[in-house]
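Chemist: Here is a sequence together with a model predicted from it:
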Amino acid sequence: MASAARSGPGRGAIPSSAYRAVDRPLREASTLPGPLFSNPAVYEREVEKLFRTSWQCIGREDEIPEPGSFRAVEVAGSGVLVVRNRRGELNAFHNVCRHRGTRLVEETEGKDLTRLLCPYHAWTYDLSGRLIGTPHMQDAKRFDRSEFGLHPVALESWRGFVFVNLSPRPQPLQKALGGLSARTANYPLEALRRTHRVVYEIAANWKLVVQNANECYHCPGIHPQLVKITPYRSGEEDLRDGPVFGGWMDFVDGVRAATLSGTTARAPFPGLSAEDLKRVYYYVLYPANFLSLFPEYVTFDWFVPLGPERTRLIFDVYVHKDESDPAKDAMEFWEMTNRQDWHICEMAHLGSKTAAYFQGRYSSEEEVVHLVDRYYLNRMGLTGRRRR
Amino acid sequence: MASAARSGPGRGAIPSSAYRAVDRPLREASTLPGPLFSNPAVYEREVEKLFRTSWQCIGREDEIPEPGSFRAVEVAGSGVLVVRNRRGELNAFHNVCRHRGTRLVEETEGKDLTRLLCPYHAWTYDLSGRLIGTPHMQDAKRFDRSEFGLHPVALESWRGFVFVNLSPRPQPLQKALGGLSARTANYPLEALRRTHRVVYEIAANWKLVVQNANECYHCPGIHPQLVKITPYRSGEEDLRDGPVFGGWMDFVDGVRAATLSGTTARAPFPGLSAEDLKRVYYYVLYPANFLSLFPEYVTFDWFVPLGPERTRLIFDVYVHKDESDPAKDAMEFWEMTNRQDWHICEMAHLGSKTAAYFQGRYSSEEEVVHLVDRYYLNRMGLTGRRRR
Amino acid sequence: MASAARSGPGRGAIPSSAYRAVDRPLREASTLPGPLFSNPAVYEREVEKLFRTSWQCIGREDEIPEPGSFRAVEVAGSGVLVVRNRRGELNAFHNVCRHRGTRLVEETEGKDLTRLLCPYHAWTYDLSGRLIGTPHMQDAKRFDRSEFGLHPVALESWRGFVFVNLSPRPQPLQKALGGLSARTANYPLEALRRTHRVVYEIAANWKLVVQNANECYHCPGIHPQLVKITPYRSGEEDLRDGPVFGGWMDFVDGVRAATLSGTTARAPFPGLSAEDLKRVYYYVLYPANFLSLFPEYVTFDWFVPLGPERTRLIFDVYVHKDESDPAKDAMEFWEMTNRQDWHICEMAHLGSKTAAYFQGRYSSEEEVVHLVDRYYLNRMGLTGRRRR
């Protein structure tokens, strides 16, 4: 580390010693090497090693309520179709016809599908992905329809959240969630209703956006309104093994809601503990999601990398389904806070992509950033046992 | 094939077995591997092996009518200048001054040129490409103007259509056209007059656009108006050896024109047979042109790839020069039909570029697509004797 | 050369014989190979070998007048901050926080800075770049603030012009300027006042823009107004060793100013010789600057390559600080002349990037272009002793 830190700016490949300098106890560790934030080959590897093998939440079960309802989304460069079949089961498929590769469903959401008809040459699949119609294929030799069903995508639900995973053999979702289930047990996640959605595009590497979600070291300078309700050093981290990372922060006395006023007309969720009423929980589900729990609303972020230097972020606000107030005050608070974050992420990107940045040092307020950065290097096969 | 078809989605290089799976009889063959439709290196090879060595029609002789008339076009990344010289001959040159590489002529068409004067340093060429003026070059040693004429581009005309070929030693145009001359002998191609031109840009690989022109398997779903006048399984293929591929389709009884009404005020071309009056002929001149013959009008497409994921298409409508009706009804019919095609080509591109598509199977209605795909692999040196 | 000149258009790598063909006496030499003007790998090498190791003028001292004044610019892909410290000294730093790589200063100019506070996590530097504030870093082991000052950038001033150089060990500016100091001694460069700035973006390789500044062979065709006041073959080159190249041109009789009218209301600079009053001096400071001296005004160009096919140009007009007339007539004259140049540079780019251009020949009017092209190949390590 010391030599890397001392050396002047330079360009070129990242030596393995730089990764080892990250993979140390917090007090001795160096930060992620700057070239990781803009290198196109690194980005390709991230898509393969992280985004194509991780569970990502694509929405809520109640967005696909009935047989024939569907959502079509983009996951790590692949079109994915999530559809409820006639037995009421949710399935996910690659949104690609097996004949000539045409995107099957163009709409991003809808209902009342009875089958999946490719618009190009009318190859037809049932709602479970089985190929059931193939005009003019009777002469084809050794052509067995059962071999040409839609390519499935792993799908699991957790308390109303629908996750998909492009890996052919993913670990079970429950295992990936780890301690998150227990930590969020008090919250009525099954009973949420979405009231807002905002889509942002950020001119920054996705890792900078995730790092930003993982520390409040930046809050005094960046979020003057937020630190008034949750002091930046309050709380504790309680999930630190990955892929879920995070913990809670405490409201200051007299504050009961994460809004500009610190209060709200909404009742808290039923079932919360006295502790929960004074806390905000933030958990990253690495690499693509970020769940935030407040006493009477929930927010959910989906990070969608569009390239090494561009990230889309889909931000949702939920309230209890029996709550009539749509939490406009929460949306306004986070719209302000989000834009503060994206701007500083873009400034971080501008500097870290230059030859002048190689590695810095972590403060004691960046413990989770460091945990996530080590986890990242390990998943990428750049440190530890997974190294190749 | 079977194993490729059975395997799930993947990424990476294309094994040679995938090309061999295309290069089989239609009933056993697999379709072109998906990565061919978006890979930049494949695209570079296509430009070299196909677009820089094939005859491409850049327009009509009567667009360059007199000595000094010219057209400047882009062919496979090179500016090409087609100019009629003082003896009335058409010549084609690279539109690049031999001194410092400046584009010689900026206008895309014009007339009354007496010489080609480079605007930068006044090097001057006659209309046959000879270097005739070189200010301040008298001191240059071993500088022989005759070695610095404009680089010629092969040019040949066929019945009013002007073709160029960037290859230094192209096969004769007549040989490339093969059976097309005989098949089109009844049509007064010399006597055509252009009445419409539309330029489209399509977010799809050029091969998807050519494949689309090579089958009517998609017509029932994509072209409800077209199949009312020419049933999708009618007709026959009669040119199948390449680089020209195609055949005809039949009008349904009572239809005499490819228009929305099925009729027209225009008289048929003189000289057509009774058969021709009931037919529409479609011929691809691989890889860049598509000629369509109707009883009283002609359309011509020029496919111009702009990159692996973008194709420009210049679409012209012609009538007989003695016909006063400009065939607005034909243009309207094809404007509608073209847009139906480009949209489904874009859907095909979206799916086939993802990791979820590798190879499918051909139906019996895709015989010409299969012929063209095999021809493509052979010309690219990926199968057969030309393999390297 | 002869064989390269005779051969037809082709594509691919540049053989070393092509570089040797440039590296000959003017009368025998060939011009720079066309692929150098668009190849991305060549561009990357140019950034490393030329733009990151050369002195570049980023503005004038009086634009950063007082302690706490600053300018933030982009130099060869790196953000550079030039700031005057409390002792009144100008310093340059990479505009990048050493903690997590954030761009420190977002504004492009300003004043009254007392320290440099990173907006992200409040790491703080004094105006000499020393790290003086690091919240929550007390636990970090072997963390010595003195090792984490801002990365310095070499800075030197010359007669009011502020130059920076990204090289860690640059040659002294005075040595790089070579004979320029003596040639410009009559001109009151310390006493200039900027009255105009125009920023252009040119769709051409930066070398084409520099070549354009190095010859007047193009003036008869491109600049009819300019040749009326300074005949294109007048004058002489007097600096030819690099990195400064150039010389003078003579006014025709009766002309005393480089304006459309050939005259001006401004008095000439004090101290000019009778010769100077009849001359215009043009000097390229390779690769990024171009200084032009007129009897009563000065212009300065900063070439900023944005990629192999795009160049930004910042063009400034200066008069004597005691002159009240802002030289609008000069700005109008050069606005017209500049646009004539950028257009022909774009035409040169369009042709020289195609396979049809490889190498041409120099005229006797392109002596400085040839000198600069040889210097370029040498600095790039493509010819001569520096070859690798």
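Modeler: Now that the structure is in, tell me what you want to look at.
Chemist: for the residue lying farthest from the centre of chain A, what are its contacts?
Modeler: Ranking residues of chain A by C-alpha distance from their mean position (C-alpha atoms, centre = their mean) puts residue A:139 at the top, at 46.3 Å. For residue A:139, the contacting residues are B:27, B:364, by C-beta atoms under 8 Å, 6 or more residues apart in numbering or on different chains. Any C-beta I mention is one placed from the backbone N, CA and C, and that applies to glycine too.
Chemist: Then residue A:73?
Modeler: Residues near residue A:73 by C-beta under 8 Å, 6+ apart: A:58, A:59, A:79, A:80, A:82, A:108.
Chemist: change it to 6 Å
Modeler: In this structure, residue A:73 makes contact with A:58, A:80, judged by C-beta atoms under 6 Å, 6 or more residues apart in numbering or on different chains.
Chemist: tell me the secondary structure for it?
Modeler: Here residue A:73 is strand, with the state taken from DSSP: H, G, I helix; E, B strand; the rest coil.
Chemist: can you pull up the bridge partners for it?
Modeler: Applying DSSP bridges to residue A:73 yields these beta-bridge partners: residue A:80.
Chemist: what helix or strand does the residue farthest from the centre of chain A sit in?
Modeler: When secondary structure is defined using DSSP states H and E, no element contains residue A:139, which sits outside every helix and strand.
Chemist: what's the distance between it and residue B:29?
Modeler: The spacing between residue A:139 and residue B:29, counted by C-beta to C-beta, to the nearest Å, is 12 Å.
Chemist: Same question for residue A:103.
Modeler: Taking C-beta to C-beta as the measure, residue A:103 and residue B:29 are separated by 23 Å.
Chemist: Equivalent analysis for residue A:362, please.
Modeler: Applying C-beta to C-beta, the value for residue A:362 to residue B:29 is 58 Å.
Chemist: ok, now residue A:210?
Modeler: Summarising the geometry, the distance separating residue A:210 from residue B:29, computed by C-beta to C-beta, is 46 Å.
Chemist: ditto for residue A:258
Modeler: Distance of residue A:258 to residue B:29, given as C-beta to C-beta: 61 Å.
Chemist: What of residue A:86?
Modeler: Residue A:86 sits 35 Å away from residue B:29, taking C-beta to C-beta as the criterion.
Chemist: hmm, back to that, between residue A:362 and residue B:29, which has more neighbouring residues?
Modeler: residue A:362 (26 against 22; other C-beta atoms under 10 Å in any protein chain shown).
Chemist: Which pLDDT value belongs to that one?
Modeler: Note on residue A:362: pLDDT of 98.
Chemist: and the end-to-end length of stretch A:123-131?
Modeler: Between the opening and closing residues of stretch A:123-131 lies a distance of 7 Å (C-alpha to C-alpha, to the nearest Å).
Chemist: need the strands for the stretch 251-388 of chain A, in chain order.
Modeler: Remark: strands assigned in the stretch 251-388 of chain A by DSSP state E, counting those that start in this stretch are A:279-285, A:289-293, A:298-307, A:310-320.
Chemist: what separates stretch A:149-164 from the chain centre, distance-wise?
Modeler: In this view, stretch A:149-164 has its centroid 15 Å away from the chain centroid, taken as C-alpha atoms, centre = their mean, to the nearest Å.
Chemist: now swap in stretch A:368-380 and tell me
Modeler: Relative to where its chain is centred, stretch A:368-380 has its mean C-alpha point 15 Å off (C-alpha atoms, centre = their mean).
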